[in-house]
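Asks: For reference, the sequence and a predicted model appear below.
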Amino acid sequence: MKRNYYSLGIGGLMALVALLLELLFPDSALALIFGRPAPFATGWPYWLYFVLIMGLAFTLMTKAYDLIDLRLPGNAFYKTVVYVACELLLWLLYTAEPLPHLDLTSLTINLLKGFIIFLVQYQLIRRYLATERYHYQRKAFLYWRGIAVFTASFAVFRTLGNLAFDLYQLPRNLMAFSILWASLMGFALGLVFCFLQRYLSKQDKKGKTFQFSFNFFSPLVISYHLFLVLSYDLDAVGILIRIALDILAVLVASWIVSQWQIDEFIDYDQADSQT
C-alpha cells in the first residue's frame, strides 16, 4: 500500500511540473494552430483539473516500475536509470513525431520539457521505489527478428491511421517521413521489449504480452496524448483512435514475438543455465 501512495505522489508531482512547464514554455506552433481548450482560460480551476487527470496518468506510468523491480538485478541507481530511460526514449520519440505543425523551436522546447519531467520521476523512483537486488542475474539480449516485428507492426498501423482515417492530416510530402518515424518508433519499442521482457513479473507468454502492452506501454501513450488534449484544443476522437492503433500495434507485435519467435532463445538460455 505504501508503494501505491508513493506512486501517486510521484505522479502528482510530475503532473505539477508538466503544468508549470506548459504555462511557462508552451508549444507555440500548436497554440497558434489549435489554440487552448476553452476551460483553460478559467485559470486555477482548470489547472487543478489538469494536475488531477495527468497525475493519475503519470501515477500509472510510475506504478509500472513495479513490473520489473523484483527481477531486475542491480542497485537502485541502475534499476531506475533502466526503467526511466525506456520511458523517456519513447516519450521523446512521440515528441519528435513529424506532424505538420512541428518546427525546430517547438521540437527543442518539447524535448527539454520531457527530459525535465522524467528527471523528476527518476529522482523520486530511485529514492522511494527502487530496491537493490542481486540474486537474479539473467541478462537482456537483442533479438533482431523480434525488433523487426515491432518495427513492421508500428509502421503498418501508423500507415493505416494515415491512409484510412487521415488522423494526422499529413500532406503527401510528409508521408514518407511519417513512415520512417513510425519505423523508428517500432524499432525503439522492440529494443525496449527485448531489454525488459526478461524482468517482467509475469514470464508466461500471455502475461508477458499483456504486461508490456497494457501495463507498461498503454499508460505512456495515454499520458502523452492526454497531455496534448488537456493543453490544446485537439480532436479528442481522433486522439482516441491514434491511441488505440498504437496500443494495438504493440499488442500484436509483442504477442507474435512472445508466442512464436522468442522461445528458441529462452529454451537455449534455460538449457545453457542448467549446464
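Replies: Structure's in. What do you need?

Asks: mind checking how far K205 is from F154?
Replies: Distance of K205 to F154, computed by Cβ to Cβ, to the nearest Å: 21 Å. All C-beta spots, glycine's among them, are computed from the backbone N, C-alpha and C.

Asks: again with K206
Replies: 21 Å.

Asks: Neighbour count: these two, which is higher?
Replies: F154 (26 against 11; other Cβ atoms under 10 Å).

Asks: That one contacts A253, correct?
Replies: Yes - look at F154 against A253 with Cβ atoms under 8 Å: they come within range, at 7.2 Å.

Asks: Find the residues that touch each one of these two.
Replies: G186, L189 (Cβ atoms under 8 Å, 6 or more residues apart in numbering).

Asks: who are the neighbours in contact with the residue nearest to D27 when sequence neighbours are not counted?
Replies: Of all residues beyond its chain neighbours, the one nearest D27 is S106 (5.0 Å), with distances taken as Cβ to Cβ, 6 or more residues apart in numbering. Going by Cβ under 8 Å, 6+ apart, S106 touches D27, S28, A29, L30.

Asks: Go through those and flag which are in helices.
Replies: The helices, defined by DSSP state H, take in S28, A29, L30 from the contacts of S106.

Asks: wouldn't the second one be in contact with D103 here?
Replies: Yes - A29 is within contact range of D103, at 5.5 Å (criterion: Cβ under 8 Å).

Asks: what about the two, which has more around it?
Replies: Neighbour totals were compared for A29 and D103, and A29 leads with 18 against 10 (other Cβ under 10 Å).

Asks: separation between that one and R36?
Replies: 13 Å.

Asks: In what element of secondary structure is the residue nearest the centre of the chain found?
Replies: Closest to where the C-alpha atoms of the chain average out (Cα atoms, centre = their mean) is L220, at 3.5 Å. Assigned by DSSP states H and E, L220 belongs to helix 218-231.

Asks: which parts of the helix or strand just after that helix are buried?
Replies: Where DSSP H and E defines the elements, the next helix or strand beyond helix 218-231 is helix 236-256. Neighbour counts over helix 236-256 (16 or more other Cβ atoms under 10 Å) mark 238-239, 242-243, 245-247, 249-256 as buried.

Asks: Max pairwise distance over those: which two?
Replies: Farthest pair in the buried residues of helix 236-256 (Cβ to Cβ) is G238 and I256. Separation: 27.3 Å.

Asks: Helices of the stretch 1-150 of the chain, start to end?
Replies: 2-24, 28-33, 44-63, 66-69, 76-95, 104-128, 144-164 (DSSP state H, counting those that start in this stretch).

Asks: picking that back up, roughly how far apart are the residue nearest to D27 and K208?
Replies: For S106, the distance to K208 - Cβ to Cβ - is 37 Å.

Asks: got it, and Y224?
Replies: 23 Å.

Asks: same deal with Y49?
Replies: Y49 is 36 Å from K208, by Cβ to Cβ.

Asks: between the two, which one's more packed in?
Replies: It is K208, of Y49 and K208, that has more neighbours when counted by other Cβ under 10 Å, with 23 against 14.

Asks: How about the contacts made by the residue nearest to L60 when sequence neighbours are not counted?
Replies: Once flanking residues are discounted, L60 sits nearest to P219: 3.8 Å by Cβ to Cβ, 6+ apart. Taking Cβ under 8 Å, 6+ apart, we find P219 in contact with A57, L60, M61, K63, A64.

Asks: Adding distance to F118, write those out as CSV.
Replies: Compiled in CSV, those are given as follows (distance: Cβ to Cβ, whole Å):
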residue, distance to F118
A57, 14
L60, 15
M61, 10
K63, 15
A64, 13
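
Asks: Need these in TSV (columns: pLDDT, distance to V17 and neighbour count).
Replies: Putting the contacts of P219 into TSV (pLDDT from 0 to 100; distance: Cβ to Cβ, whole Å; neighbours: other Cβ atoms under 10 Å) gives the following:
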residue	pLDDT	distance to V17	neighbour count
A57	97	14	23
L60	97	17	17
M61	97	14	26
K63	97	18	19
A64	97	19	22
